[in-house]
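1. What follows is a predicted protein model with its sequence.
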2 protein chains.
Amino acid sequence: MSYFDAASAAPLHPVARQALQASLDEGWADPSRLYREGRRARLLLDAAREAAAEAVGCRPDELVFTSSGTRAVHSGISGALAGRRRVGRHLIVSAVEHSSVLHSADAHEADGGTVTQVAVDRMGVVAPQAYGAALRPDTALACLQSANHEVGTEQPVAAVAELCREAGVPLLVDAAQSLGWGPVEGDWSLLAASAHKWGGPSGVGLLVVRKGVRFAAQGPVDERESGRAAGFENLPGIVAAAASLRAVRAEAAQEAVRLRELTERIRARVAESVPDVEVVGDPVRRLPGIVTFSCLYVDGETLLHELDRAGFSVSSGSSCTSSTLTPSHVLRAMGVLSEGNVRVSLPFGTPAEDVDRFLEVLPGAVAAVREKLGAPAPATTVREDVLVVDALGKRCPIPVIELAKVIGDVPIGGTVRVLSDDEAARLDIPAWCEMRGQEYVGEQPADHGTAYLVRRVS
Amino acid sequence: MSYFDAASAAPLHPVARQALQASLDEGWADPSRLYREGRRARLLLDAAREAAAEAVGCRPDELVFTSSGTRAVHSGISGALAGRRRVGRHLIVSAVEHSSVLHSADAHEADGGTVTQVAVDRMGVVAPQAYGAALRPDTALACLQSANHEVGTEQPVAAVAELCREAGVPLLVDAAQSLGWGPVEGDWSLLAASAHKWGGPSGVGLLVVRKGVRFAAQGPVDERESGRAAGFENLPGIVAAAASLRAVRAEAAQEAVRLRELTERIRARVAESVPDVEVVGDPVRRLPGIVTFSCLYVDGETLLHELDRAGFSVSSGSSCTSSTLTPSHVLRAMGVLSEGNVRVSLPFGTPAEDVDRFLEVLPGAVAAVREKLGAPAPATTVREDVLVVDALGKRCPIPVIELAKVIGDVPIGGTVRVLSDDEAARLDIPAWCEMRGQEYVGEQPADHGTAYLVRRVS
């Protein structure tokens, strides 16, 4: 098996395993107790905090350990918003943040706050000017990821932090995907991260709040972790998290070069060897180990099953793999194709041969899925000068497949009207038009679902 | 070293260690993913949930794993209160709950809710009638621990659950101290527990919400753990927690008999061998492994240091060990002596010889502390027929020591007036009177601090 989903969870780093096992013996007692076992636990906790703070580039007393990266984001956002409640209740996030940030924003809105989502370009990048334009006198907090979890695109954190600093607004950086590679540049105010993304154990996140940032922890608190993360510390996990962060950092520069070369190989070869594919995300300003592409006329879940059978574990932001059948908010914000989406995220140490084998297997897997899906005859009727494709009740990628089958049946200048009640069509039909050089005219409400109008221009 | 603080954190059970190590290999991936590593993780998570639910006595889909017992309590209380907000905003807790429950109650009050604290008797027991009398038409939730964490007293959960059921009010049971010993009896509605109390790893709690209980998780949520515990699951920890719960349960009946005999030995021998000691907590309805006593004229922190040097790790609810210098709310609610307080909580498998050695060491350790503290000559003046002891600026246990030194200087029927600004005196002077057969008359405001009046009757 080749596991290519490090952006979800990285396999445990050997150093994390050693540290965890050692601290099971030394770190099970309550670090707030004064007897010998408690003092030993306290020493381990203090040492872990110092190591993590050094890796982040902050003071140890600015960093607390939480029970997950999600928890760090939730606590960081709610505490920073509450700390600046007198200033106002406006929150800024980018449109491509992790769901933990967007869920916090939803909760803030439900509680009467206001939220601005800053758009991204087709590469998934936030423009600092656009971000700066969202800053208002009542802005309590701004959030920006260091790099995107679905497509690997790096964000201009330092430039945005500078604009926030000028406006007197704290910036919270979700560094979950990047912290293993290096510290986050720029003058940010809060930072959240997750140990199992860098090869540490699950059950450990970290939250950094710079000195001077107003912060009021929400919900019941206790005396642990400076009153910012209630509950008995997961000490063996924390020790393992800090030790593995230090270990991956020592290897990061060299491994970044190697993984970047491998993902570059995937970017190039996928575009050559798979027809009708769109490689998404910034080709240059990106994390070393992540590459994402979408395949027209492919059901992402079926493709993932094909690849799993062939021994490859990859992930997908495609509508078709999600239990909610909602297209990935990241791909939607970028305006790129979501169907047949595959994210490859290589763990540290991925052998080059595994990547080569993946590139051998992929074209056949895509072709097999397309063959399975290619059969249905589209139900078409000509109404005036418009060809109508009735794809009601059919799910991604069938509406696009039916569109592609009939586009040659209308003359250049003619229009195809695709009726669909699948939410993914809203994203994928325009994306198909962009990929195939056809004109996307727009959508109209229909008796059932929505009508998507496409004009044949080539 | 003999570690006698299992009520804070139990050493890792061997089964927990084995399960943890095994699941580091099998359980690091995201259980919500469909590829092989994800499916393996899901199988482990499902099996752990079934094992834990069987031990609790609930359905697997009623149980979610949280990041700590504290987190389970916080989420359980806030979710149950929100779920019944239309009924009202009244919350009932006992006066001797764990701080996680009381912190939740504080947060609820700060948010505009109302809280009733039900008193306990001198053994630390809640009377079901008193609890029932606190139920109101607007009561949203009632909370009661299964057993007390400081003195080991078991609460009449089944009887209180019955009264709550009749009133249509859900009862949340904090079972942190008892779940390793057996399921909680009675018709409760919600239950919280903590794995590191039964020999599981830290970083794992569990929250049970019975079907039919109205529950609305608060704060941002995600799709994990039925939307009741956001963030990536601490899967190796969860697997170890479930495996060790099953393992300790298999040994519980036999070990309960053995530890009960050992704590019975401590209860009896401490009362015989240490002068001026009060053994606190219910002598019969109590957890097998916990025994607590308070020593007059002793500074608890100094005694803990003496015992630590002698190789014993114990805890204290005494004001003197707490960084806040506030007497334990549990001992205060019971109205027993708080000074020189020691809690012995024996882990599974404690050798009898360790307990015997502790009983040999304890009298000398107490005597040594008393000798250190015994020196100061009380500053006394006779005013009319009252002897005044000025203990202003002196901390527990000095005010009581000075009172004890002068009580013989007044005739029977005469009064000693102790001036003190130490909060612990409010608890300890009445407790001393009760122990020594003197009459506690009451307190009066003084120019500085408070005057405590004691009449010599013997």
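-> Sure, I can see it.

2. Which residues of the stretch 101-250 of chain A lie near chain B?
-> A:103-104, A:106-107, A:194, A:196, A:201-205, A:218-223, A:230-237 (CB under 8 Å from any CB of the partner chain). Every residue, glycine included, has its C-beta placed from N, CA and C.

3. contacting residues around the host helix or strand of residue A:399?
-> Taking DSSP states H and E as the criterion, residue A:399 maps to helix A:398-406. Residues outside helix A:398-406 that contact it (CB atoms under 8 Å, 6 or more residues apart in numbering or on different chains): A:296-297, A:339, A:373-374, A:376, A:378, A:380, A:387, A:389, A:391, A:394, A:416, A:418, A:420, A:422, A:425, A:428-429, A:432, A:436, A:452, A:454.

4. From these, keep the buried residues only.
-> Buried members of those, scored by 16 or more other CB atoms under 10 Å in any protein chain shown, are A:296-297, A:339, A:373, A:378, A:387, A:389, A:391, A:394, A:416, A:418, A:420, A:422, A:425, A:428-429, A:432, A:436, A:452, A:454.

5. returning to what we had before: give me the next element, helix or strand, following the helix holding residue A:399.
-> As assigned by DSSP H and E, the chain's next helix or strand after helix A:398-406 is strand A:415-420.

6. so how many other residues sit close to the closest residue to residue A:412 other than its chain neighbours?
-> Distance criterion CB to CB, 6 or more residues apart in numbering or on different chains; nearest residue to residue A:412, sequence neighbours excluded, is residue A:456 at 5.4 Å. Residues lying near residue A:456 (other CB atoms under 10 Å in any protein chain shown) number 20.

7. Phi and psi next, for residue A:456.
-> Main-chain dihedrals, residue A:456, degrees, to the nearest 10: phi -80, psi 120.

8. is it true that it touches residue A:414?
-> Yes - judged on CB atoms under 8 Å, residue A:456 makes contact with residue A:414 at a distance of 5.5 Å.

9. how far away is residue A:423 from residue A:63?
-> 41 Å (CB to CB, to the nearest Å).

10. Comparing the two, which residue is more hemmed in?
-> Using other CB under 10 Å as the criterion, residue A:423 and residue A:63 rank with residue A:63 on top: 25 against 19.

11. Let me know the pLDDT of the more buried one.
-> You'll see residue A:63 listed with a pLDDT of 98.

12. Could you find the closest non-adjacent residue to residue A:260?
-> Excluding its sequence neighbours, the residue lying closest to residue A:260 (CB to CB, 6+ apart) is residue A:288, at 4.2 Å.

13. burial count for that neighbour?
-> By the measure other CB under 10 Å, the count of residues near residue A:288 is 20.

14. Same question for residue A:22.
-> 15.

15. what does residue A:443 give?
-> Neighbour number of residue A:443 under other CB under 10 Å is 17.

16. what's the spacing between the residue positioned nearest the centre of chain A and chain B?
-> For chain A, residue A:149 is the residue whose C-alpha lies nearest the centre (CA atoms, centre = their mean; 2.5 Å). Distance, residue A:149 to chain B, using CB to the nearest CB, to the nearest Å: 12 Å.

17. Quick check: that residue is in a strand.
-> No - checked against DSSP: H, G, I helix; E, B strand; the rest coil, residue A:149 lies outside a strand; its state is coil.

18. I figured it was touching residue A:7, is that so?
-> Yes - using CB under 8 Å, residue A:149 makes contact with residue A:7 at a distance of 5.4 Å.

19. At which residues are the helices of chain A located?
-> Taking DSSP state H as the test, the helices found in chain A are A:14-26, A:36-56, A:69-83, A:99-110, A:128-134, A:157-167, A:235-273, A:300-309, A:329-334, A:352-373, A:398-406, A:425-436.
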